[in-house]
Structures are given as structure tokens and as C-alpha cells.
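> How does the following fold in three dimensions:
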Amino acid sequence: MAYLTIPSPICDLTLFEENGKLVSLDWGAVDDGEETPLLLEAARQIDAYFEGRLKDFDLPLDPPGSDFQKNVWRIMQEIPYGRILRYGDISNRLKSSPRAVGGACGRNPLPIIIPCHRVIAGNGALTGYSGFGGTDTKKYLLALEGFDLTKGQ
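Numbers count the residues shown, from 1 in each chain. The predicted structure follows:
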């Protein structure tokens, strides 16, 4: 499996590629990565995202997960830049529970690219974030996208 560590304003991020698709984005550095065209393109797009120049990632993805998790992740990818959905919104679409959606969000192997930070609780609370820095990182990503947590927009 090819991987590449890149810097970000949050922390180092490590991208993993398998069979020509991204399968994981991990928080932290891994030594001795390799540059592949896909990993370099993913790094370019992540840099552009953090610089405010990219709103939609265009990368081949193949995150490992259950069918339910993949359905949650697909819906998360449909959330526009700078907008949010609530766990209940997604659970209603999938005829599931908000808790199950939260579990799928917490197991998202491609955070930032699959924007689980754009999913919040029904009462507007951030509830949690599985990535480095927890809800502080979630707040940072939402603010980067121009989402005003004080106004809910």
C-alpha cells in the first residue's frame, strides 16, 4: 500500500492509496512514504482546500466499510462546502438512527475529504470528532469553510 505524509495547518496527515484509490487519511506522520501521481494530486487538493481555493475534492476513493457506513459517507460527500447536516437528517434519509449515523461518522477513514466535520447534533452541538484535536479541529474546519457556529449558518 502506497502512502505519503503531508503537512497541514492542523497536523501532519498521511494519505494511503490502494489499487489506484485513496483508502485512508490518518492524523500524524508515517516515515518512508512514496510519491505516486494520485497521492501527489491528493496532497495538492488538500493544500488547496486549506488555502480556501478548493471546495470539492475530485479524487478516486475506496474507503473500507460496511454498506451502511458507505451510504452515510456518500451522503456526507453531498454536503456542500460551508454547510452542515444533522445526524438526524442523514438518519431520516437512511431510515436509521442518529446514533448509527454518528458511529459511521466516527469510523470515516477519509476525514476532510469525506467531510464528517459537516455533521452536527440536532441541537447544534458539535458532539465529537474522531480526528486530531477532536471538536477543536471540527470547529477549525467549519470556520475555514465560512460556517458560523454562533449563527448555525
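> Test my guess that Gly20 contacts Leu59.
No - using CB atoms under 8 Å, Gly20 makes no contact with Leu59, being 10.6 Å away. All C-beta atoms are positioned from the backbone trio N, CA, C, and that covers glycine.
> Find the residues that touch each one of those two.
Taking CB atoms under 8 Å, 6 or more residues apart in numbering as the criterion, Gly20 and Leu59 both touch Leu38.
> So which of those two has more stuff around it?
The residue with more neighbours, out of Gly20 and Leu59, is Leu59; 16 against 11, by other CB atoms under 10 Å.
> And Tyr49, how far from Ile6?
Distance, Tyr49 to Ile6, by CB to CB, to the nearest Å: 12 Å.
> out of the two, which sits in the more crowded spot?
For Tyr49 versus Ile6, neighbours defined as other CB under 10 Å are more numerous around Tyr49 (21 against 18).
> With just CA atoms, put the helix or strand containing that one into CSV.
Assigned by DSSP states H and E, Tyr49 belongs to helix 37-50. In CSV, the C-alpha atoms belonging to helix 37-50 read as follows (Å, rounded to 0.1, in the frame of the first residue of the first chain):
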residue,chain,number,x,y,z
PRO,A,37,0.6,10.5,-9.0
LEU,A,38,-2.7,10.0,-7.0
LEU,A,39,-1.0,10.8,-3.7
LEU,A,40,0.6,13.9,-5.1
GLU,A,41,-2.8,15.0,-6.5
ALA,A,42,-4.5,14.4,-3.2
ALA,A,43,-1.8,16.4,-1.5
ARG,A,44,-2.3,19.3,-4.0
GLN,A,45,-6.1,19.2,-3.4
ILE,A,46,-5.7,19.2,0.4
ASP,A,47,-3.3,22.1,0.2
ALA,A,48,-5.8,24.0,-2.0
TYR,A,49,-8.6,23.2,0.5
PHE,A,50,-6.7,24.6,3.4
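> which strands and helices sit next to whichever helix or strand comes after that helix?
Once helix 37-50 ends, the next helix or strand along the chain (criterion: DSSP H and E) is helix 67-78. If you count contacts as 3 or more CB pairs under 8 Å, 6 or more residues apart in numbering; DSSP states H and E, helix 67-78 packs onto helix 87-94, helix 98-106.
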